[in-house]
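Novice: task: produce atomic coordinates for the following.
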Amino acid sequence: MQLFFALSSLFKTLLLLYKYNNDSNFIGAVKNMSDIINLIWRKYTNPWSVGVRFFILSMLVISAWSRVWIEYWSMLLILFTLVWIWFNPRLFPIKSTNNVWTMQAILGERIWLNRHDEYIPAHHFFIITGLQLSVSISFLICVAGIIFLNLWLTIFGLVLTFFSMCWFLDRMVWLYKDDKQQREKNRIKMLQQQKLKCKKQLSKATA
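Specialist: Below is the predicted model:
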């Protein structure tokens, strides 16, 4: 899912940079870029979009394996799958709530991708890193099965990839909830500090 989002966001960012080259308003260009990125993320959080994307890897595997039966015509199936990857998030509307598991998973993934600017607890960092490694290894096993036309190796890699990805997404939900809880604590702490500051200023003014 990170790959799907990265390709789409890269394309839109390049378009925005091209627009910026013909626009002297730098602040406006930065704001537009931020709005575009937020819009892309919101589109990717639609539960139907997330659910359909679960079948994309299977579609790619079947398309690549079909070269055994239809030879070079299999490239059309692969091309169709790639077009579907691009079209998928544009097919579904943006949801206004974040209470759905799939939406929280994608929003948690956004936090993880911004981990250089966000605080990631240690109990999340090592598990998520290990799950990403598991997804990569599982996918390589699946690719090896496709290359050597080993059906059982392909199925094993595909199932292991799905299992690792589901676990990864479940961890993203956990990360999202922890981040939300931490932000709420920080907000309450900031309000308390502001109230305390106002009381001190009020006491000085009445003294």
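Novice: drop to CA atoms for contacts and neighbour counts, all remaining ones
Specialist: Noted.
Novice: and the longest helix belonging to the chain, how far out from the chain's middle?
Specialist: Longest helix in the chain, counting residues (DSSP state H): helix 151-206. Taking CA atoms, centre = their mean, to the nearest Å, one finds helix 151-206 lying 15 Å from the centre of the chain it belongs to.
Novice: now do stretch 66-76
Specialist: On CA atoms, centre = their mean, the centre of stretch 66-76 falls 31 Å from that of its chain.
Novice: which neighbouring elements make contact with the longest helix of the chain?
Specialist: helix 101-113, helix 122-147 (3 or more CA pairs under 8 Å, 6 or more residues apart in numbering; DSSP states H and E).
Novice: one more time with 10 Å, if that's ok
Specialist: Packing contacts for helix 151-206, counted by 3 or more CA pairs under 10 Å, 6 or more residues apart in numbering; DSSP states H and E, involve helix 56-65, helix 101-113, helix 122-147.
Novice: residues in contact with whichever strand or helix holds Val50?
Specialist: Using DSSP states H and E, Val50 sits in helix 47-53. Here helix 47-53 makes contact (CA atoms under 10 Å, 6 or more residues apart in numbering) with 1, 4, 43-44, 59, 84-85, 88-95, 100-106.
Novice: got the buried residues for stretch 168-180?
Specialist: Neighbour-count burial for stretch 168-180 flags Phe168, Leu169, Asp170, Arg171, Met172, Val173, Trp174, Leu175, Tyr176, Lys177, Asp178, Asp179 (criterion: 16 or more other CA atoms under 10 Å).
Novice: on that earlier part again, just the buried ones from the contacts of helix 47-53, in PyMOL syntax?
Specialist: Entered in PyMOL, the line below selects the buried ones among the contacts of helix 47-53, by 16+ other CA under 10 Å:
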select buried, resi 43+44+59+85+88+89+94+101+102+103+104+105+106
